[in-house]
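In: fold the following and give me the result.
(one chain, ligands or ions: 2)
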Amino acid sequence: MARRKKIYEGKAKILYEGPEPGTLVQYFKDDATAFNAEKHDVIEGKGVLNNRLSEFFMSGLNAIGVPTHFIKRINMREQLIRQVEIIPLEVVVRNTAAGSMSKRLGIEEGTPLPRPIVEFYYKDDGLGDPLVTEEHIIAFGWASQQDLDDMVALALRVNDFLSGVMMAVGIKLVDFKIEIGRIWDGDYMRLVVADEISPDSCRLWDIKTGAHLDKDVFRRDLGSLTDAYTEVAKRLGVLPTNVTHPTKPTLIN
Ligand SMILES: Nc1ncnc2c1ncn2[C@@H]1O[C@H](COP(=O)(O)OP(=O)(O)OP(=O)(O)O)[C@@H](O)[C@H]1O
Ligand SMILES: [Mg+2]
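Out: Ligands and ions are numbered 1, 2, ... in the order given. Below you'll find the predicted structure:
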């Protein structure tokens, strides 16, 4: 097999050159990292689950007219995506207080927020991805005011879609992070949802039990990450719910 050109290797994914210009192949690794990569582990099967789940969310968004980079899944660990110019911001939408917001503002985890709150973090591992304001973003040229308005609108549409999809399977979407990129079509530019949408980038709580079904299981050592992600995938119908391994031929009448 011909060797593919590796474009970028990150903590959770690898990007390879795609088959057509303007496309990339996104490979999902099993690596899990937290606290700016201070904590690291390899969790067998995580990449396969995230590839499937990101496909599920992104293709759903495409279907309702929210543009994403997703084209198609290629195999267990890889998907074909459109190459975008990533805006160096992590866009976080919060419905319920948790994580860094609870810590920073002293709001108890689980407190419902009066409205979805959109935050921007500057993507820079060296600085620990600091929270930034619209003033910083515009002053330093990371995005224009128009981009920011479009990014907020895009993020809120993703929030409505994901909240509904998760609510339907008994899961509360507490918060999530997306990355947004630019696609150029001649002089015309549009923004699309890029990177991934998976339990690595969302906070998902079981509505009945409050159990964490996301990367906090890894961050806070709450049990098996694979079990949590498998539960999300099963509920969404992304994985079969009762996988049986027949050991002998069965007669069907
Ligand atoms: N459609 C796309 N086109 C170009 N780059 C993309 C696209 N989707 C995601 N990326 C970038 O690919 C990389 C994915 O790798 P990974 O998530 O493992 O990175 P990371 O270690 O989290 O580092 P980073 O801080 O850059 O996110 C990210 O840098 C992300 O911004
Ligand atoms: Mg990343």
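In: quick one: residue 137 and residue 89 touch, right?
Out: Yes: contact between residue 137 and residue 89 holds when scored by Cβ atoms under 8 Å: they sit 6.7 Å apart. C-beta: built from backbone N, CA, C; applies to glycine.
In: which residues do these two both contact?
Out: The contact sets of residue 137 and residue 89 overlap at 120, 143 (Cβ atoms under 8 Å, 6 or more residues apart in numbering).
In: now do the buried residues in the helix or strand harbouring residue 15.
Out: Per DSSP states H and E, residue 15 falls inside strand 13-17. Buried residues in strand 13-17, counted by 16 or more other Cβ atoms under 10 Å: 13, 14, 15, 16.
In: for stretch 48-63, same thing?
Out: 48-58, 60-62.
In: is it in proximity to ligand 1?
Out: No: Stretch 48-63 does not reach ligand 1 (Cβ under 6 Å from any ligand atom); its nearest approach is 10.1 Å.
In: contact partners of that stretch?
Out: For stretch 48-63, contacts defined as Cβ under 8 Å, 6+ apart pick out 12, 28, 67-70, 73, 76-79, 158, 161-162, 165, 193, 196-200, 226, 229-230, 232-233, 236, 238-239.
In: mind doing that once more with 7 Å?
Out: With contact meaning Cβ atoms under 7 Å, 6 or more residues apart in numbering, stretch 48-63 is reached by 28, 68, 70, 73, 76-79, 158, 161-162, 165, 193, 196-200, 229-230, 232-233, 236, 238.
In: okay, now residue 137: neighbour count?
Out: Using other Cβ atoms under 10 Å, residue 137 has 21 other residues around it.
In: that older thread, show only the entries of the buried residues of stretch 48-63 found in helices.
Out: 48-58, 60-62 (DSSP state H).
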